[in-house]
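# Sharing a model prediction with you, sequence too.
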Amino acid sequence: MNAQKHTRGAQDGRGGFTIVELLMALLLVSMLLTSIAVAMRASLDSYQQNQNAAAVNQASRTLAMRVQRELRQAEAVDYTVGDNKIVITPPANANGLQEIIYDYDTGQKQLTYSLHYTDTGKNTTTTLFDSSTEVTLSGFYITYNVMQNGEGLWCTQRVVCTTYYTIDGQTSPLVFTASPRRNLTY
């Protein structure tokens with residue numbers, strides 16, 4: 001007789017989930033969704049960190065390659081200009097380029113690149129890094145190794161450049177060196 005009542009109740013639509021079963025199902029679904037959200041957030045954070053690392057890597061490599069190329073080709077490098085500036089005398093050329101200057105303003109955290117020609121109307125100054133660029137150059141320090149050449153004149157033997165790049169509050173250092181390949185005059 002009990003079997004008949006049980007069957008009749010199921011046919012009447014009284015079978016189903018209890019409130020406790022529904023709450024347990026909601027709890028399990030919310031835990032699953034929370035774990036998915038945490039995993040997605042970690043993935044997005046990792047992606048952003050990789051993007052920042054790539055931006056710093058690109059900016060630092062571009063600057064290092066440019067400075068190294070110009071130092072290696074230099075006729076002379078002035079070692080008396082201080083530790084935030086590089087003044088390069090390029091080899092004589094048909095364009096009349098007389099001087100290349102990298103100048104870092106520590107207060108503004110700005111690196112400028114200037115080309116000075118015999119015809120001053122062609123002079124240009126470009127800002128390579130400042131506070132508006134994605135990657136900020138937060139430090140630019142130059143050390144000059146000097147020696148006497150065969151004629152007894154002091155000249156730059158090697159330039160060591162220490163740079164610090166900042167993006168999203170994280171700073172990454174880069175140190176690179178270059179040696180002029182020509183007989184220097186100073």
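In hand now; what should we look at?
# ok, which stretches of the chain are helices?
Using DSSP state H, the helices of the chain run over 2-11, 19-72.
# pLDDT of the last one, averaged?
I take that to be helix 19-72. What helix 19-72 shows for mean pLDDT is 91.
# what does the first one give?
Per-residue pLDDT values over helix 2-11 give a mean of 51.
# where's the residue positioned nearest the centre of the chain relative to residue 112, distance?
Nearest residue to the geometric centre of the chain (C-alpha atoms, centre = their mean): residue 56, 1.6 Å. For residue 56, the distance to residue 112 equals 20 Å [C-beta to C-beta, to the nearest Å]. No exception for glycine: its C-beta is placed from N, CA and C like everyone else's.
# do the same with residue 138
Computed as C-beta to C-beta, the residue 138 to residue 112 distance reads 16 Å.
# about what we covered before: with distance to residue 167 added, can I get the helices of the chain in JSON lines?
JSON lines is the format used below for these (distance: least, C-beta to C-beta, whole Å):
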{"stretch": "helix 2-11", "distance to residue 167": "65"}
{"stretch": "helix 19-72", "distance to residue 167": "5"}
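# if you compare those, which one is most tucked away?
Highest mean neighbour count of the helices of the chain: helix 19-72, a mean of 12 (counted as mean count of other C-beta atoms under 10 Å).
# Noted, bye for now.
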